[in-house]
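Student: Turn this into a model:
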Amino acid sequence: MMKKMRLLFLLALFAVTIAVGAKGSTSRAASTYKIKVNKQCCVVTVYKYNTDKKKYEAKKAFICSPGYATPLGTFSLGEKMRWHTLDGPTYGQYCTRITGSILFHSVWYYEGKKDTQSYVQYNKLGTKASHGCVRLTCGDAKWIYDNVPGGTPVTIYESKTPGPLGKPKAIKVKGYQGWDPTDPDPKNPYLKKNPKIKGAKSKEVKFGSTFNVKSGVTATNTTGFDVTKKIKTKIYYRATTLTDYEKVSKLDTKKAGVYKVVYKVTDEIGHKAKKTVKYTIKPSKLIKSIKLNYTEKKLYVGGKAELKTFVLAAKTIKPTDASIKDLEFTTGGKTIATVDKDGTVHAKKAGEVYITVRALDGSGVMERCHVIVEQLVKTIDVTAQSGQMNVGETMQLSVKVGPENAKNKAVKYSSSDETIATIDANGNITAIAPGTVTFKVKAKDKGKKSTKITVIVIDPTAAQPVSGGAVSTAAVNI
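Tutor: Numbering: from 1, shown residues only. From the prediction side, this is the model:
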């Protein structure tokens with residue numbers, strides 16, 4: 001007897017513990033969501049508690065069909081039933097009790113089979129049509145069934161304003177009965193269907209004509225109903241097949257080239273369709289040839305600004321009455337030379353590059369200019385073995401030219417007074433008579449960089465004035 005009483009006590013204690021734990025769990029879970037049903041607008045809005053902001057935020061909106069008998073007030077969600085017999089008898093999927101006999105459930109089925117849903121009743125979603133329950137699409141009923149726990153507060157009210165997320169639209173269906181289009185069951189035939197876009201075809205569009213990319217283009221949703229108004233477009237343009245597409249705001253029939261238009265539609269249950277077509281704009285009279293003012297040009301870096309730039313342009317365009325004479329300039333390597341939209345080329349560093357000039361009339365005509373960029377001499381360092389020479393002596397200047405990648409490192413020499421000293425092409429100095437002479441060392445390239453060095457010539461057999469200090473041999477760049 002004592003053992004039996006002890007067992008009964010332990011079982012009772014276990015049941016109380018479970019009940020208290022379940023109540024606490026329900027209380028905590030219930031604070032996660034709250035649901036509001038706008039009976040007048042036929043909208044269900046699900047709110048989720050944001051723990052950081054400490055407030056509820058609207059997360060989902062479902063279209064529904066309540067009824068005139070649907071009670072107003074605030075209730076707590078009760079038990080859940082996978083299938084449940086309704087009035088008729090009919091059958092509902094994913095049922096969650098709101099209060100008494102009032103449930104959230106899918107639109108009803110004639111039998112407890114997924115392919116027997118009443119399509120007449122399904123198409124009434126968004127209107128008052130139930131006997132008191134809140135009908136939902138199968139997908140929405142399942143979301144509440146799966147995610148919102150018992151004990152969650154549900155408020156049913158009436159208002160002309162649908163709610164913070166507005167009123168969704170349910171997809172329509174055709175026929176008498178069948179699958180709910182939103183049922184996530186893999187056997188649902190609607191899961192393999194998608195919207196269709198018709199009337200969009202690649203073609204040539206007359207230059208300067210009036211053209212609307214949506215004209216003649218229609219769309220139907222997963223169940224075959226018209227959703228043309230849901231079509232959205234993105235338009236991309238390129239002048240020739242050698243250029244990349246760029247996104248533009250509209251198709252301009254006065255701008256020749258190729259327009260790629262991407263049509264997209266998303267229907268009421270999130271199924272999508274996409275179609276891409278190309279519209280080619282060709283003017284009435286195309287360019288046949290372009291002759292440039294330069295086919296090859298040398299530029300220089302490291303010198304004066306005018307040496308590193310020039311303007312590339314069309315010398316002639318044939319025929320002279322071509323409809324469009326607009327040209328596009330592009331460079332084969334921006335690190336060597338850049339070109340702007342007007343054809344101005346700027347050298348950046350030594351190398352070779354082609355500047356391409358393309359007709360923008362859709363003809364595909366193009367010409368190229370070969371640009372060679374050379375590095376000029378920027379520095380010339382000159383040193384002498386001595387700043388002083390005797391009459392009759394010879395000495396060679398030491399010259400170092402920079403930078404290392406300078407194309408032409410040749411220099412030429414000159415003497416300020418050849419009666420005192422001469423200098424040959426190799427920098428060899430010959431002292432002629434006493435005096436002070438300056439030698440100029442000048443780069444032979446386009447930059448014409450130069451520097452000077454001074455040397456004193458003396459006659460050791462004659463009396464010389466005593467200098468007050470050492471003679472500087474430092475070269476000065478000019």
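Student: Am I right that I144 is in a helix?
Tutor: Yes - counting by DSSP: H, G, I helix; E, B strand; the rest coil, I144 is part of a helix.
Student: give me every residue that touches it.
Tutor: For I144, the contacting residues are 35, 46, 94, 96, 104, 136, taking CB atoms under 8 Å, 6 or more residues apart in numbering as the criterion. Backbone N, C-alpha and C define where each C-beta goes, glycine included.
Student: 7 Å instead, please
Tutor: When contacts are counted by CB atoms under 7 Å, 6 or more residues apart in numbering, I144 touches 96, 104.
Student: does G150 really touch L77, like I thought?
Tutor: Yes - distance between G150 and L77: 5.2 Å, which falls inside the contact criterion (CB atoms under 7 Å).
Student: Which one of these two is surrounded by more residues?
Tutor: Here G150 and L77 are set side by side on neighbour count (other CB atoms under 10 Å), and the busier one is L77, at 23 against 16.
Student: So what sits opposite the spatially most central residue of the chain in the bridge?
Tutor: Nearest to the mean C-alpha position of the chain, counting by CA atoms, centre = their mean, stands K247 at 9.8 Å. When assigned by DSSP bridges, K247 has beta-bridge partners Y236.
Student: Alpha carbons of stretch 134-153, as CSV, please.
Tutor: The C-alpha trace of stretch 134-153 is given here as CSV (Å, rounded to 0.1, in the frame of the first residue of the first chain):
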residue,chain,number,x,y,z
VAL,A,134,-10.9,32.4,-40.7
ARG,A,135,-10.1,30.7,-44.0
LEU,A,136,-6.6,31.0,-45.4
THR,A,137,-4.6,29.7,-48.3
CYS,A,138,-3.1,26.3,-47.5
GLY,A,139,0.4,27.8,-47.4
ASP,A,140,-0.6,30.6,-44.9
ALA,A,141,-2.6,28.2,-42.7
LYS,A,142,0.5,25.9,-42.6
TRP,A,143,2.7,28.8,-41.6
ILE,A,144,0.6,29.5,-38.6
TYR,A,145,0.3,25.8,-37.8
ASP,A,146,4.1,25.4,-38.0
ASN,A,147,5.3,28.6,-36.4
VAL,A,148,2.8,30.2,-34.0
PRO,A,149,2.4,28.3,-30.7
GLY,A,150,-0.6,27.8,-28.6
GLY,A,151,-1.3,30.6,-26.2
THR,A,152,-0.5,33.3,-28.8
PRO,A,153,-3.0,36.2,-28.6
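Student: could you pull out the helices for the stretch 101-250 of the chain?
Tutor: Chain-ordered helices for the stretch 101-250 of the chain, with DSSP state H, counting those that start in this stretch as the definition, fall at 119-122, 138-147.
Student: So which of those is nearest V339?
Tutor: When these are compared by CB to CB, helix 138-147 sits nearest V339, at 56.5 Å.
Student: and stretch 256-264, how far from the chain's centre?
Tutor: Computed by CA atoms, centre = their mean, to the nearest Å, the chain-centroid distance of stretch 256-264 equals 17 Å.
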